[in-house]
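Novice: Sequence first, predicted model second:
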Amino acid sequence: MPKINGNEIRPGNVLEHDGGLWVVMKVSHVKPGKGGAFAQVEMKNIRDGRKLNERFRSEDRVERVRLDQKDQQFLYESDGMLVFMDNETFEQIELPADLLGERRPFLQDGMVATVEYHGEEPLSVQLPQKVVCKVVETEPVVKGQTAANSYKPAVLDNGVRITVPPFIDAGEDIVVNTETMEYVERA
């Protein structure tokens, strides 16, 4: 299995750590004033659901589990389980909804996502990197507020709160990065 550096860990990666398989839920890179930078990684055990917060320095090497990937269509959610269908065999599988963590609201009906398998067992879901969402609520533009990087809060049609540039109004479609949960561009 390939080893990756601690600063290459991304949400959705599956790592072999402490004798188990862990899916990465959240990563935040920290640069303290003293000492080296590190990645604060929130992981969830695939088998038993335990959570773990771990720090990985950039020089730390971790095992990234190689998984077989299949594009599958999301059908619906039922009792906390997400139902996906293989477009070639029409087989349906169920995965727990909390596997996606805070990225869950970006999964839309009919969306094709990449389901990763370890052998025959489905383990994780990778959403498309960019998703189109509609802004349902945002503050009006304040005249004269044209600072280079001034952003304002907005609520998307899936309930997620992000920040958008001042020229974005309610009702507009925007592209959102599902990994960083940030505004990318107008749709």
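Specialist: Ah, there it is. Numbering: from 1, shown residues only.
Novice: Please identify the buried residues of the helix or strand harbouring residue 75?
Specialist: Element membership of residue 75 [criterion: DSSP states H and E] is strand 68-78. Buried residues in strand 68-78, counted by 16 or more other CB atoms under 10 Å: 70, 72, 73, 74. Every residue, glycine included, has its C-beta placed from N, CA and C.
Novice: tell me the mean pLDDT for it?
Specialist: Averaging pLDDT along strand 68-78 gives 91.
Novice: just checking, what packs against that strand?
Specialist: Applying 3 or more CB pairs under 8 Å, 6 or more residues apart in numbering; DSSP states H and E, one finds that strand 68-78 contacts strand 81-86, strand 112-118.
Novice: can these go into TSV with extra columns for mean neighbour count, distance to residue 52 and mean pLDDT?
Specialist: Output for those, formatted as TSV (neighbours: other CB atoms under 10 Å; distance: least, CB to CB, whole Å; pLDDT from 0 to 100):
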stretch	mean neighbour count	distance to residue 52	mean pLDDT
strand 81-86	17	23	92
strand 112-118	17	18	87
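Novice: got the ones you listed as TSV, with distance to residue 14 columns?
Specialist: Converted to TSV, the helices and strands packed on strand 68-78 look like this (distance: least, CB to CB, whole Å):
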stretch	distance to residue 14
strand 81-86	17
strand 112-118	7
